[in-house]
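Student: Here's my sequence, what's the structure:
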Amino acid sequence: MKNVSMEWLKSLESLKDVPEEQLQWFMDQVTQHELKAGSNLFKAGDQIPGPFLILTGRILLSVPRGQELLEVGVYERGMIGGHLPFSRGKIANVVADVIEDVSYLQLSLEKLDEMIHSQFDLTQALVHVMANRIRESTAFEQQSEKMMALGKLSAGLAHELNNPAAAVVRGAVSLLEHLKQVPDAFQKVVSLR
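Tutor: Residues are numbered from 1 along each chain as shown. Below is the predicted model:
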């Protein structure tokens with residue numbers, strides 16, 4: 001079932017510096033899984049699965065924001081995800097929806113400690129993947145915060161722009177009412193003589 005070549009593994013940016021014997025250890029330990037489009041690998045609140053490597057297909061990652069899901073990324077062929085070495089996160093805060101039938105290799109969480117103790121270069125490569133994921137996640141959060149701040153600023157600006165316009169409208173209505181009453185007031189003044 002696992003028809004993955006060593007050449008393909010070495011062609012992946014994240015695994016290119018890992019010695020072949022460690023990649024072979026990885027291949028000997030993983031299990032292959034298949035999921036159909038429309039299913040999900042995990043949901044927010046689920047335990048994060050062990051490290052996985054996408055062979056084919058695509059998985060959409062989305063963050064729940066209120067009642068909506070905000071798309072944050074896509075796992076595609078050659079990408080590594082899941083619970084990585086030394087990661088403190090155990091529970092998913094994203095939804096991983098399969099958007100194109102996917103096949104992936106997964107290392108069980110039970111094998112993670114063994115990998116950390118015996119496969120230094122592979123562990124180091126996966127830690128780099130985790131560091132990149134943290135960097136991307138932080139950049140996404142900062143962008144989201146900036147967009148929220150921009151939304152608040154634009155709402156405040158719209159409010160400030162609408163206030164003078166509303167004052168002009170109120171003034172115009174008041175002036176119109178005043179002008180309607182001027183002839184009556186003028187008549188009263190003239191009749192006093």
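Student: Just the helices from this protein, written as ranges.
Tutor: Along the chain, the stretches classed as helices by DSSP state H are 6-11, 20-29, 109-118, 120-191.
Student: buried sites along the shortest one?
Tutor: Judged by neighbour count using 16 or more other C-beta atoms under 10 Å, the buried positions of helix 6-11 are residue 9. Placement of C-beta: from N, CA and C, glycine included.
Student: residues contacting the residue sitting nearest the centre point of the chain?
Tutor: When C-alpha atoms, centre = their mean is applied to the chain, the residue found nearest the centroid is residue 72 (2.7 Å). Residue 72 makes contact with 61, 62, 63, 94, 137, 140, according to C-beta atoms under 8 Å, 6 or more residues apart in numbering.
Student: Show the buried residues in those.
Tutor: Buried among the contacts of residue 72 by 16+ other C-beta under 10 Å: 61, 62, 63, 94.
Student: what two of those are the furthest from one another?
Tutor: For those, the maximum inter-member distance is 7.7 Å, found between 61 and 63 (C-beta to C-beta).
Student: Overlap of the contact sets of those two?
Tutor: Looking at what touches both residue 61 and residue 63 (by C-beta under 8 Å, 6+ apart), the common residues are 72, 94, 95.
Student: Was I right to think the last one contacts residue 68?
Tutor: Read that as residue 95. No - Residue 95 is not in contact with residue 68 according to C-beta atoms under 8 Å; the separation is 11.3 Å.
Student: neighbour count winner among those two?
Tutor: Neighbour count, other C-beta atoms under 10 Å: between residue 95 and residue 68, residue 95 has more, with 21 against 8.
Student: want to throw the contacts of residue 72 into JSON lines with pLDDT and distance to residue 108?
Tutor: Shown next, in JSON lines, are those (pLDDT from 0 to 100; distance: C-beta to C-beta, whole Å):
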{"residue": "61", "pLDDT": "93", "distance to residue 108": "22"}
{"residue": "62", "pLDDT": "91", "distance to residue 108": "25"}
{"residue": "63", "pLDDT": "89", "distance to residue 108": "26"}
{"residue": "94", "pLDDT": "90", "distance to residue 108": "21"}
{"residue": "137", "pLDDT": "70", "distance to residue 108": "24"}
{"residue": "140", "pLDDT": "65", "distance to residue 108": "29"}
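Student: Most widely separated two among those?
Tutor: Pairwise distances across the contacts of residue 72 (C-beta to C-beta) peak at 13.2 Å, for the pair 62 and 137.
Student: tell me what the lowest-mean-pLDDT helix or strand in the chain is packed against?
Tutor: The weakest-scoring helix or strand in the chain, judged by mean pLDDT, DSSP states H and E, is helix 120-191 (a mean of 77). With contacts taken as 3 or more C-beta pairs under 8 Å, 6 or more residues apart in numbering; DSSP states H and E, helix 120-191 sits against helix 20-29, strand 68-75, helix 109-118.
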